[in-house]
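Asks: Below is the structure, and that's it, no one-letter string:
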């Protein structure tokens, strides 16, 4: 994650708007670091392109070709009807985007708004502090040099004025007294210089405003405060930052700032923060370098709406997927990787298809896992999913496999233990339930098997006993050339001609009652074979 919204909101449309504005403006946005505080001069309407919106004076519509001076010292403008005119404002913001002061009226261009800032600087540096909670009379000198009076309420609204100009302060004060007698609680304020006013509104919230020597409002608190002290503190912040730099903000910016690490926020000309960084950076240089990737991602990124959870595909050469909650905390991760995105999507579909109905189980010691990938088979796994045992053969269907598993479960508790420290004989049954013995070495490999099968395990055990008795006294024959061998058969004796590799080359065509007759027949073959005729029978 490289960027995210600055905060949550119940308004889905607001989030859509933030997403669109970030994607549309990120590519051309400047990187601007605010050191302590700055004045920002900005157009009233957001600008989606990177171009400024100020309009040359000679192109202004007739309605504002001869604008009146604004109260804050710039040039005021009514909401224009022309499409190519856009009013400008100013604000004083800290590096935390707290608005310390803001313009009270719009201006036709950035230059006029900048002039208004200069007037605020001058007036604020000379202003006195006036605090009142009720209405007040003001006696002030007008621009013409004549004196006037007016009655204002605690919100700064003019309730009454002199209606005429007077040649002196005393004359204006005397003319005012008639009305003052009817408003005994109003204070008398004589304004010779600019003044800050602390006032409380009808909601018992406090604020400040800056009034010039002519009684005009030139700046005001953009917020209200619960106490008089908080309003005074907000006013002092303006005084602390009066000499801040002035910057024209006609397009969105990335604003880096530092806490323990470096972060950024994405701010529109309106002052609205629509995106913040996804992760912190140890240095400012690393943060600025990372913004190139952020710009690219913001322009090309597709928009997705997620609910409580989402499945994310990720990877380059190999693809994987993971399950994330709405805070992008990882819930699950794929245990395998895929060769391409389509294969990963198939894995996601498998997860979505099986997850709703998948049983939930916990492996305390071990569990039997059934698999139908290549025929039905089973594996016994421990809690770490290490395979302890597995089926020797696969079964054609699930029911047959379950029967085989049940047989294993019944036999396993009764099975004895065999330690293959030395070779051992083992009795086994084949698919036709015929029993046979085999010799297993200490590594579990079969080194010899009985040549016959038997109906019962006891028969196989008896045959094994005979073999074990014979093996003890059997001589070792080393065959390095062709040899004759005598063998017993089911109904007598036979002879075989064996080559040096143990393969049968010839054998008797009949059996003999005893060893002697078989030996004599073998000797006859041995004597006559070298000189025998070779004939072909058709």
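Replies: It's in. Worth saying up front: this structure is predicted, and the values here are computed from it rather than measured. Numbering: from 1, shown residues only.
Asks: so where's this structure uncertain?
Replies: 45-85, 126-137, 142-144, 153-164, 175, 178-193, 214-215, 415-422, 470-480, 528-538 (pLDDT under 70).
Asks: what ranges do the helices span in it?
Replies: Secondary structure of the chain, counting by DSSP state H: helices at 12-25, 110-126, 169-181, 228-240, 284-300, 341-354, 398-411, 457-473, 515-528.
Asks: beta partners of residue 440?
Replies: Counting by DSSP bridges, residue 440 is bridged to residue 424, residue 446.
Asks: Give the burial count for it, as a bare number.
Replies: By other C-beta atoms under 10 Å, the residues close to residue 440 number 17. (C-beta placed from N, C-alpha, C; glycine too.)
Asks: Give the closest residue to the most centrally placed residue in the chain in space, chain neighbours not counted.
Replies: Nearest residue to the geometric centre of the chain (C-alpha atoms, centre = their mean): residue 328, 4.0 Å. Leaving aside its chain neighbours, residue 328 sits nearest to residue 1 (6.1 Å; criterion: C-beta to C-beta, 6 or more residues apart in numbering).
Asks: returning to that earlier point: of all the helices of the chain, which one is nearest residue 254?
Replies: helix 284-300 (5.7 Å; C-beta to C-beta).
Asks: What residues sit buried inside the closest one?
Replies: For helix 284-300, burial by neighbour count (16 or more other C-beta atoms under 10 Å) applies to 284, 287-288, 290-291, 294-295, 298.
Asks: follow-up on the earlier one: report the contact partners of the residue nearest to residue 328.
Replies: 278-279, 328 (C-beta atoms under 8 Å, 6 or more residues apart in numbering).
Asks: Out of those, flag the one nearest to residue 19.
Replies: So of the contacts of residue 1, ranked by how close each gets to residue 19 (C-beta to C-beta), first place is residue 278, at 14.2 Å.
Asks: Residue 2 is in contact with that closest one, correct?
Replies: Yes. The pair residue 278 / residue 2 is scored as a contact, 4.7 Å apart, by C-beta atoms under 8 Å.
Asks: where's residue 39 relative to residue 222, distance?
Replies: Taking C-beta to C-beta, to the nearest Å as the measure, residue 39 and residue 222 are separated by 13 Å.
Asks: can you tell me which residues contact residue 506?
Replies: Counting by C-beta under 8 Å, 6+ apart, residue 506 has contacts 496-497, 525.
Asks: Narrow these to those that are buried.
Replies: If you count burial by 16+ other C-beta under 10 Å, the buried members of those come out as residue 497.
Asks: can I get the contacts of residue 506 in TSV with distance to residue 172?
Replies: Below are those laid out as TSV (distance: C-beta to C-beta, whole Å):
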residue	distance to residue 172
496	146
497	148
525	155
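Asks: who's the nearest residue in space to residue 514 that is not next to it in sequence bridged to?
Replies: Closest residue in space to residue 514, ignoring its immediate chain neighbours: residue 493 at 6.4 Å, by C-beta to C-beta, 6+ apart. Beta bridges link residue 493 to residue 488, residue 512 when assigned by DSSP bridges.
Asks: Over to the one 4 residues further on?
Replies: When assigned by DSSP bridges, residue 497 has beta-bridge partners residue 484, residue 506.
Asks: is it true that it touches residue 482?
Replies: Yes. With contacts counted by C-beta under 8 Å, residue 497 reaches residue 482, the gap being 6.6 Å.
Asks: hey, what's in contact with both of those two?
Replies: With C-beta under 8 Å, 6+ apart, residue 497 and residue 482 have common neighbours residue 505.
Asks: Enumerate every residue touching residue 346.
Replies: Residue 346 touches residue 338, counting by C-beta under 8 Å, 6+ apart.
Asks: Roughly how far does it sit from residue 331?
Replies: Distance from residue 346 to residue 331, by C-beta to C-beta: 20 Å.
Asks: And for residue 445?
Replies: Counting by C-beta to C-beta, the gap from residue 445 to residue 331 is 47 Å.
Asks: again, but for residue 296
Replies: Here residue 296 is placed at a distance of 29 Å from residue 331 (C-beta to C-beta).
Asks: likewise residue 378?
Replies: Distance from residue 378 to residue 331, by C-beta to C-beta: 29 Å.
Asks: Settle it for me: which of the two has more neighbours?
Replies: residue 378 (18 against 12).
Asks: which one is the more buried one nearest to, not counting chain neighbours?
Replies: residue 391 (4.8 Å).
Asks: Would you agree residue 507 is in contact with residue 493?
Replies: No. The criterion here is C-beta under 8 Å, and residue 507 misses it with residue 493 at 11.8 Å.
Asks: Those two: who's more crowded?
Replies: Between residue 507 and residue 493, counted using other C-beta under 10 Å, residue 493 has the larger neighbour count: 20 against 12.
Asks: My guess is that one contacts residue 521. True?
Replies: No. Between residue 493 and residue 521 there is no contact under C-beta under 8 Å: 9.2 Å.
Asks: shared neighbours of those two, anything?
Replies: Jointly contacting residue 493 and residue 521 under the rule C-beta under 8 Å, 6+ apart are residue 512.
Asks: Show me how the record splits this structure into domains.
Replies: 307-358, 478-538 (automatic domain parsing).
Asks: Redo these as JSON lines? Include distance to residue 21.
Replies: Output for these, formatted as JSON lines (distance: least, C-beta to C-beta, whole Å):
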{"stretch": "domain 307-358", "distance to residue 21": "22"}
{"stretch": "domain 478-538", "distance to residue 21": "87"}
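Asks: Tell me which of the ones you listed sits nearest to residue 466.
Replies: Using C-beta to C-beta, these put domain 478-538 closest to residue 466, at 12.1 Å.
Asks: just to revisit the earlier point, please tell me how far the residue nearest to residue 378 sits from residue 384.
Replies: 20 Å.
Asks: Who has more neighbours out of the two?
Replies: Between residue 391 and residue 384, counting by other C-beta under 10 Å, residue 391 is the more crowded of the two (19 against 6).
Asks: phi, psi of the more buried one?
Replies: The phi/psi pair for residue 391 (degrees, to the nearest 10) reads phi -70, psi 140.
Asks: Confirm for me that it is in contact with residue 377.
Replies: Yes. With contact defined as C-beta under 8 Å, residue 391 reaches residue 377; the gap is 4.3 Å.
Asks: overlap in contacts of these two?
Replies: Shared contacts of residue 391 and residue 377 (C-beta under 8 Å, 6+ apart): residue 401.
Asks: is it true that residue 364 touches residue 382?
Replies: No. Assessed by C-beta under 8 Å, residue 364 is found out of contact with residue 382, at 9.8 Å.
Asks: neighbour-wise, which of those two wins?
Replies: residue 382 (13 against 8).
Asks: what about the more buried one, distance to residue 33?
Replies: Separation of residue 382 from residue 33 (C-beta to C-beta): 57 Å.
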